[in-house]
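Chemist: Take this sequence and fold it.
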Amino acid sequence: MFESLSDRLSGIFDKITGRGALSEADVDAALREVRRALLEADVALDVVKSFIDKVRARAVGAETIRAVKPGQMVVKIVHDQLVEMLGAEAVPVDLNAPAPVALMMVGLQGSGKTTTTAKLAKRLSERQKQKVLMASLDTRRPAAQEQLRVLGEQAGVATLPIVAGEMPVDIARRAVNAGRLGGYDVVMLDTAGRTHVDEPLMLEMAEIKAATDPHEILLVADALTGQDAVNVARSFNERVGVTGIVLTRIDGDGRGGAALSMRAVTGRPIKLIGTGEKMDALEDFHPGRIADRILGMGDIVSLVERAAENIDAEKAKDAARKLRKGEFDLDDLAEQLRHMQKIGGMSGILGMMPGVGKMKKQLAAAGLDDRIVPRQLAVISSMTRAERHKPALMNASRKKRVAAGSGTDVQDVNKLLKMHRQMSDMMKKLGRGKGGLGAMLGGGGMPQPDPAMLEQLQKGGLGGLPGGLPGGMGGGIGGLPGLPRLPGLGGGFAGLPGIGQGKKK
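Modeler: Now for the predicted structure:
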């Protein structure tokens, strides 16, 4: 959703020239464009004014380092100010209270509150091993309580039994009491919403708060509503007192202003962001990483973490064994492609790679989109088991059959087979070395990122990624299904298909 803002900012700083101290004229010229870009992105006017004043105060007269261009120095100052505006550090959901900890979810109707409640409950249950009980307090929206019950079954989280005709405040009291008697660690209260902020809604929220004394009141806001989301956040904070914000639909095509404004307007941290419709599409909000994305610097650390979360330990060990033996068949390739889909697909991965925003025309010309991976999986699925294990069997007639069965062309089948040969050769080399995805995840194929590596990435950027990106930005993207290497794009993750092998220094 920060794409349009990132596009506007990417070319502004390159215009600043000269050496030595940054001139006031250069800084003012750049900041006029920055102000315009922020306003067009729906950032609140008072937030923009404060932001620009602080950047100007730090930038005018700042001495540039000999090896750093003036434009890059301004980027650094703008980046630091963005991080400060977004909250400086990540703030997790606070569970430091006597059990059961009550979490109250508030927001307008349609903001994704019920789905977010289930996502957070699943996250707390699986990652933090908390025993969670969910309760729907929405007695107005048809089937709202039934929706939470179904989501609870999908997430593997218990829900409070529905009692017809019960009032929201009584449901809240019953939920907290059931949580106490049932030995639950967390009780999540999914409150009702409205299409707009009104007095009855606020009175109901205040009654529920008084009856349950929630430890956290999380406002769920739709990032696509732009400036209106900021007004909603201000209203809820003034009347109910929220402790944190959850931004949903951050993967949409909104202009990003809500995320940049909410923290500054309410003084409350953005704690979580919804990145998709799936039950696991909920992530911690990291101000520094969001600032990196806005300024086109990518988000390698989040990509590494996402890869680690979606790799099965046993499958990783089995893949490592095959790599060492040089056994990499089309079933293995299909498994790697499925991992890519889980991580976020082609667009999700490339969106976190530095410099990709400036190469959209090249990506479009190469036909690089999320339809590639499903097409390749369809081709593999149309093959027999023998063909998948031994691609050399694929003669002209077999290729025609597979193309017809997968709804593709023979040319697509040939591209897949060529990609497999190239990847197989690459995997053999990686299997003998220490680079690649195994090293990235801390060795041994364990699905946890190496803390030292993540720290290095956060401090030093791409140079800290072993075996993957140390080739800088010139490695190109190789290994993508039937696509040429794209000059100027990063070396990528050596252990992931389609994200080409970086050059070792």
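Chemist: CA only for contacts and neighbour counts going forward, please
Modeler: Noted.
Chemist: shouldn't Gly179 be in contact with Ala135?
Modeler: No - contact criterion Cα atoms under 8 Å: Gly179 and Ala135 do not qualify, at 10.2 Å.
Chemist: Those two: which has the busier surroundings?
Modeler: More neighbours surround Ala135 than the other of Gly179 and Ala135, with 27 against 24 (other Cα atoms under 10 Å).
Chemist: Give the other helices and strands that the one helix or strand the more buried one maps to contacts.
Modeler: Counting by DSSP states H and E, the element that carries Ala135 is strand 132-136. For strand 132-136, the elements it packs on are helix 113-127, helix 144-155, strand 158-159, helix 168-181, strand 186-190, judged by 3 or more Cα pairs under 8 Å, 6 or more residues apart in numbering; DSSP states H and E.
Chemist: Tell me which other helices or strands the lengthiest helix in the chain touches.
Modeler: With secondary structure taken from DSSP state H, the chain has its longest helix at helix 410-432. Identification of packing neighbours for helix 410-432 by 3+ Cα pairs under 8 Å, 6+ apart yields helix 313-325, helix 396-406.
Chemist: could you give the mean pLDDT of the last one?
Modeler: The average pLDDT for helix 396-406 rounds to 93.
Chemist: quick revisit: now the common contact residues for Gly179 and Ala135.
Modeler: Counting by Cα atoms under 8 Å, 6 or more residues apart in numbering, the shared contacts of Gly179 and Ala135 are Val187.
Chemist: Could you quantify the relative orientation of the longest helix of the chain and helix 396-406 as an angle?
Modeler: 100 degrees (axes from the mean of the first three to the mean of the last three Cα atoms, to 10 degrees).
Chemist: got the CA coordinates for helix 410-432 in PDB?
Modeler: The C-alpha coordinates for helix 410-432 follow below in PDB (Å, rounded to 0.1, in the frame of the first residue of the first chain):
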ATOM      1  CA  VAL A 410       5.000 -26.600 -25.000                       C
ATOM      2  CA  GLN A 411       7.200 -23.500 -24.700                       C
ATOM      3  CA  ASP A 412       6.200 -23.200 -21.000                       C
ATOM      4  CA  VAL A 413       7.100 -26.800 -20.400                       C
ATOM      5  CA  ASN A 414      10.500 -26.300 -22.000                       C
ATOM      6  CA  LYS A 415      11.100 -23.200 -19.800                       C
ATOM      7  CA  LEU A 416      10.300 -25.200 -16.700                       C
ATOM      8  CA  LEU A 417      12.600 -28.000 -17.600                       C
ATOM      9  CA  LYS A 418      15.400 -25.500 -18.400                       C
ATOM     10  CA  MET A 419      14.900 -23.800 -15.100                       C
ATOM     11  CA  HIS A 420      15.000 -27.100 -13.300                       C
ATOM     12  CA  ARG A 421      18.300 -28.000 -15.000                       C
ATOM     13  CA  GLN A 422      19.800 -24.700 -14.000                       C
ATOM     14  CA  MET A 423      18.500 -24.900 -10.400                       C
ATOM     15  CA  SER A 424      19.700 -28.500 -10.100                       C
ATOM     16  CA  ASP A 425      23.200 -27.400 -11.000                       C
ATOM     17  CA  MET A 426      23.000 -24.500  -8.600                       C
ATOM     18  CA  MET A 427      21.700 -26.700  -5.800                       C
ATOM     19  CA  LYS A 428      24.600 -29.100  -6.300                       C
ATOM     20  CA  LYS A 429      27.100 -26.300  -5.800                       C
ATOM     21  CA  LEU A 430      25.100 -25.000  -2.800                       C
ATOM     22  CA  GLY A 431      25.000 -28.500  -1.300                       C
ATOM     23  CA  ARG A 432      28.800 -28.600  -1.200                       C
END
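Chemist: picking up where we left off before, output the helices and strands packed on strand 132-136 in JSON lines; the columns should cover mean pLDDT and distance to Ala59.
Modeler: Putting these into JSON lines (pLDDT from 0 to 100; distance: least, Cα to Cα, whole Å) gives the following:
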{"stretch": "helix 113-127", "mean pLDDT": "93", "distance to Ala59": "40"}
{"stretch": "helix 144-155", "mean pLDDT": "93", "distance to Ala59": "49"}
{"stretch": "strand 158-159", "mean pLDDT": "95", "distance to Ala59": "53"}
{"stretch": "helix 168-181", "mean pLDDT": "95", "distance to Ala59": "52"}
{"stretch": "strand 186-190", "mean pLDDT": "96", "distance to Ala59": "45"}
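Chemist: out of the ones you listed, deepest packed?
Modeler: strand 186-190 (a mean of 28; mean count of other Cα atoms under 10 Å).
Chemist: isn't Met85 right up against Val265?
Modeler: No - using Cα under 8 Å, Met85 is not in contact with Val265, being 9.9 Å away.
Chemist: Pull out the buried positions in stretch 29-37.
Modeler: 30-31, 33-35, 37 (16 or more other Cα atoms under 10 Å).
Chemist: Identify, among the helices and strands of the protein, the element with the weakest mean pLDDT.
Modeler: Of all helical and strand segments in the chain, the minimum by mean pLDDT, DSSP states H and E falls on helix 436-440, at a mean of 43.
Chemist: Name the spans of this protein whose pLDDT lies under the cut-off.
Modeler: Low-confidence regions of the chain, defined here as pLDDT under 70, cover residues 1-23, 61-72, 226, 251-256, 258-259, 293-317, 319-326, 342-370, 427-505.
Chemist: any idea how far the closest residue to Ala211 other than its chain neighbours lies from Met167?
Modeler: Excluding the flanking residues, the one nearest Ala211 by Cα to Cα, 6 or more residues apart in numbering is Arg173, at 6.6 Å. Separation of Arg173 from Met167 (Cα to Cα, to the nearest Å) stands at 10 Å.
Chemist: Output the contacting helices and strands for the helix or strand containing Arg375.
Modeler: Using DSSP H and E, Arg375 sits in helix 372-381. Here helix 372-381 touches helix 330-343, helix 396-406, going by 3+ Cα pairs under 8 Å, 6+ apart.
Chemist: Show me what the shortest one is packed up against.
Modeler: If I follow you right, that is helix 396-406. So helix 396-406, by 3+ Cα pairs under 8 Å, 6+ apart, packs with helix 372-381, helix 410-432.
Chemist: Contacts made by the shortest one with the rest, please.
Modeler: In this structure, residues lying in contact with helix 372-381 by Cα under 8 Å, 6+ apart are 330-331, 334, 337, 341, 345-346, 388, 402-403, 405-406, 408, 413, 416, 481.
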